[in-house]
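Q: Requesting a structural model of the entry that follows:
(chains A and B)
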2 protein chains.
Amino acid sequence: MAEQAERVIPLTEPPAEDGEKGPSKSALKKAAKEKEKAEKAAKRQAAEEAQKKESESNDISKNDYGELPMDGAWPSAFPSKDEVPRVLLTDLEEYFGDASKMDVEGGPHIVFRASVENARSQSAKLAFLVFSRGGASIQAVVAASDDLSRQMVKFCSSVPAESYVLVHGLVKKPMEPVKSTTIQNLEVHVKKLFVEGKAEAQLPMQVADAERPIPIEGEEETVDGRPIVQLNTRLNNRVIDLRAKHNQAIFAIKDGVVALFEEFLRSKKFRGIQTPRLLGSASEGGANVFKVEYFATQAFLAQSPQLYKQMLVAARFERVFEVGPVFRAENSNTARHLTEFTGLDMEMEFEEDYHEVVSLLEELMLFIFAGLKDRYKRETDLVRSIYHVDEFKLPAKGAVPRLPFSEGIKMLRNAGEEINDFDDLSTPQEKRLGALVLERYGSDFYVLDEFPLAIRPFYTMPTAATQAKYNPEKPNEGYSNSYDFFMRGQEIMSGAQRIHNAAFLVKRMKEHETPVDPQGEGLKDYVNAFKAGAPKHAGGGIGLERIVMLWLGLPNVRLASLFPRDPSRLSP
Amino acid sequence: MAEQAERVIPLTEPPAEDGEKGPSKSALKKAAKEKEKAEKAAKRQAAEEAQKKESESNDISKNDYGELPMDGAWPSAFPSKDEVPRVLLTDLEEYFGDASKMDVEGGPHIVFRASVENARSQSAKLAFLVFSRGGASIQAVVAASDDLSRQMVKFCSSVPAESYVLVHGLVKKPMEPVKSTTIQNLEVHVKKLFVEGKAEAQLPMQVADAERPIPIEGEEETVDGRPIVQLNTRLNNRVIDLRAKHNQAIFAIKDGVVALFEEFLRSKKFRGIQTPRLLGSASEGGANVFKVEYFATQAFLAQSPQLYKQMLVAARFERVFEVGPVFRAENSNTARHLTEFTGLDMEMEFEEDYHEVVSLLEELMLFIFAGLKDRYKRETDLVRSIYHVDEFKLPAKGAVPRLPFSEGIKMLRNAGEEINDFDDLSTPQEKRLGALVLERYGSDFYVLDEFPLAIRPFYTMPTAATQAKYNPEKPNEGYSNSYDFFMRGQEIMSGAQRIHNAAFLVKRMKEHETPVDPQGEGLKDYVNAFKAGAPKHAGGGIGLERIVMLWLGLPNVRLASLFPRDPSRLSP
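A: Sure, this is the predicted structure:
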């Protein structure tokens, strides 16, 4: 213990290392200088504090501005709802459409909360701010007067952009219409302003940067001399990026697609389901499946609810739909692929022919398109003003072009493509065919029907003709009761009549070009579902992000995902 | 090559091993007997085939029954929609409510598809079947006549239960009301019957078994001498199990909860979102998180959309909701835990006080309860006829009891429980408190408010009083702006006002009882969201399966999941 005590670091300075007993002259001089400096600083600080105190005690506005407490509670002196109406910026023009409200003496007061788009000081007596919320923006004036201190003007002019504030103001007609805001014939004269959520002065990205389209590879990366922020930077700062008006619009539209999908299917007596994402086996095919550590064993992430929605039809659910995340461990770094996306799935039994299901799906898509045109015109126009693409062309009179696959092949061959009868279409061929269909039918939306059996999953029902011509030597030859839906020449949905006969299903599992084991863990339950007697059924799975991308003509599917996931991105 | 050729197995039998050159006498005798046997069998088969052929050629009904082809296409001779109406069994009584339809000469014809609940032969000339679909069932008669062969009677009586069939029949009034079916005053006289999906004769479980409640631990496992099928067996054969009427009802109600949740929030201008399930880090806490192999790196499955929905509020989405799967790697094998369940999440900014959000959530739950009572009364009654529980008691006049946590502690202490001020409630204590609240307020639904800060996540806002009394020695002492919702004394939702100030958030991350690293991969983005200026906000997450379980009083949460996942179950 004594030893340890001796080692205590002395509180006074140790002797200088040069061996002298006292400090050197130069050291003394330095110390004196530093002392003087410190005294000066202390004096200055004291003076500043005194000034601040006096300034505060003299500040006639001291209760009218500042930062809200940590929990955001409003100042007790803030006007109540009964005293001053609270009006959203988006409702402001309509609210004052009634001119009588503008005639209140001294102007009509309102209270609102909004983002600060920018703040600048014109002089010591005058500051201008732009507030925005929900896509609406308005100019604000903070002018020193007998009731409003210069201190408050200074404070308001220095609120960092992107801060969230609480404002009490007077609404007035501006001298002349404001050009830089969406609300042009009204402005706010600030009476009280409190900061609820303060933004840092230096953000990694500006919302204004996010308002411009992402650079397209090979194109110039500056516009008007300003560099265009890369997609990657935007996604890294997605919270700021998403504040851009057209991004807000994209996700309003995306939610619209979900709402329309559900609305239509519920009206047709479909029931919403929740099927598991954690599977005991990679039942739909071993490749492209994410593995999960599951206690002492292993699980796999669902690539689709395919097998489960069919099992539920076998369980007498008749018509089911599901909206949920699906996962593909595909190492594709393209503008069209995500490792996690939202599947819009449906499955139903039908009466006579699977084309009943194709017709219902066509009707569903037309319902969604009509709903988007009707309910999301403003948002669609906004996005298209950033990403310039042609209007999405809908089929005349709702008659969706529905072509047999063989007819598609013919059209491609006539256009000079080299392709065999049973070949799958490459992405460029799909786009080419989309262009040919658009030319012939005037529609950006069409259906390709009766795909070759060999290029569809094992559970796909062969056509009756193919079954009749069954050749055990070539069990995968011929066509199937399956279909893809296309928008702007890109696939958005894949579907088919499924095999509902257990014995035939087992046969197809073994005969398929990539055979699967009917006794395999996940597939045994699936086959058993049909051993318990199942109705014939068909369905389809739609990629939500694809619909949004192609409806709007976005250059990258990541723009249609809030927090996109790809092989090299897992955050934010 | 020559060597290999010599090894070819001879097509003729090898010489007997006993070394004799020819067959033995006994062998000759055996061969003669076998020959005789084979000849007899061939004769018998030929006779049978001849009989069958004759029988077929004599079968006046041969085109009226059988199995549909593999793709389920209807026989070309089957009546069209114009000739004979197609009526769902569920619509049958209403359809024939108009008595004039029953007066058609020879009875009114209908076509329908249904399950065979059972089939039995009364005599060679008469068979009875029960068809069911969508919860409705009807008795059917197949009687031999000049127009209907005995062969057809035999075929119909031997259709395995649970097969799916296509029927053309005549609707008649039965001699006396049928007691065993839901449709009691109508019966079907079968004219044509085709099997669309044939069930195996021996299924691993009967639907009738599934119609009974699961055995409760400690209770008798037979009822009326019949063993009760265990939950595990039912879940292993979930497709058959789900066909039970009350199971159909449970999932109709579950979908109803989702629809009501979305309907209410959309009416309040909430936007649906899709946040990622694959995360780059275990951001909400390292334990209880599933790990995923993600290409060359590692990902984690989301335990909730918590951080993302807050980030979207910071991104100016204002009000968001999400319905989606969430994952908990908790090794809890209880009747209340699942490793994958459906989260109903919402988050919103508010004006003045987080109780605005609590009120909205109370209103949401009352809306859901009212909707269930209104739209799902039949289904609720059906399930409660199997699992007998008290009616769910709603608060009088919609005034949801909202108690401070401290008041809950007082009530428990007055009732004799030993518990400290800041202790978390154990499950038995929660149930006890639920009973006390029910006694005092007459409601099975209530809210506990202002939980101790120490037992809530790091992002929870401390109350203003707690902030004012801040003691750096005990930074987690006091209460927070947080709340749990309870049904029948069990928690269904947890929520809180969240910290929207980045600096304060970082402080709380470090001070929390289980500190997290604000610089950690997933959390850095989260903190950055608030550095970009965020409004104050609150929200909550509801467990969908919990609501369903507690509304209906089900004894196990697995009954509210289509394909439940727990530490020992990953299939079907």
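Q: low-scoring stretches of chain A, by residue?
A: Confidence mapping of chain A against pLDDT under 70 gives the ranges A:1-23, A:54-56, A:98-100, A:103-106, A:218-221, A:223, A:285-286.
Q: Do stretch A:493-505 and chain B come into contact?
A: Yes: counting by CB under 8 Å from any CB of the partner chain, contacts between stretch A:493-505 and chain B involve A:497, A:499-502, A:504. To be clear about C-beta, it is placed using only N, CA and C from the backbone, and glycine gets the same treatment.
Q: now that stretch, how far from the centre of its chain.
A: Remark: stretch A:493-505 is offset 34 Å from the chain centroid, using CA atoms, centre = their mean, to the nearest Å.
Q: mind listing what's buried in it?
A: A:493-502, A:504-505 (16 or more other CB atoms under 10 Å in any protein chain shown).
Q: what are the ranges of the helices in the stretch 451-572 of chain A?
A: All helices of the stretch 451-572 of chain A, identified by DSSP state H, counting those that start in this stretch, fall at A:464-468, A:502-511, A:521-531, A:544-552.
Q: mind checking how far the lengthiest helix in chain A is from the chain centre?
A: Counting by DSSP state H, the longest helix found in chain A is helix A:25-58. On the basis of CA atoms, centre = their mean, helix A:25-58 is displaced by 53 Å from the centre of the chain it belongs to.
Q: Tell me which residue in the stretch 301-450 of chain A sits closest to chain B.
A: Residue of the stretch 301-450 of chain A nearest chain B, by CB to the nearest CB: residue A:315 (3.9 Å).
Q: coming back round to it: of the helices of the stretch 451-572 of chain A, flag the one that's most buried.
A: helix A:544-552 (a mean of 25; mean count of other CB atoms under 10 Å in any protein chain shown).
Q: which other helices and strands contact that helix?
A: Using 3 or more CB pairs under 8 Å, 6 or more residues apart in numbering or on different chains; DSSP states H and E as the contact test, the elements touching helix A:544-552 are helix A:245-267, strand A:340-349, helix A:355-375, helix A:377-386, strand A:482-487, strand A:490-498.
Q: how much does it deviate in direction from helix A:355-375?
A: Between helix A:544-552 and helix A:355-375, the angle comes out at 60 degrees (axes from the mean of the first three to the mean of the last three CA atoms, to 10 degrees).
Q: got the contact list for helix A:544-552?
A: Around helix A:544-552, the neighbours that count as contacts under CB atoms under 8 Å, 6 or more residues apart in numbering or on different chains are A:250, A:253-254, A:257-258, A:323, A:336, A:338, A:341-344, A:368-369, A:372, A:380, A:383-384, A:387, A:389, A:392, A:487-488, A:490-492, A:554, A:556-557, A:559-561, B:274.
Q: in the stretch 101-250 of chain A, what residue is nearest chain B?
A: Closest to chain B within the stretch 101-250 of chain A is residue A:199: 3.2 Å, counting by CB to the nearest CB.
Q: beta partners for that residue?
A: Applying DSSP bridges to residue A:199 gives these bridge partners: residue B:532.
Q: Need the three-state assignment for whatever residue of the stretch 1-150 of chain A ends up closest to chain B.
A: Nearest residue of the stretch 1-150 of chain A to chain B (CB to the nearest CB) works out as residue A:72 at 3.5 Å. Here residue A:72 is coil, with the state taken from DSSP: H, G, I helix; E, B strand; the rest coil.
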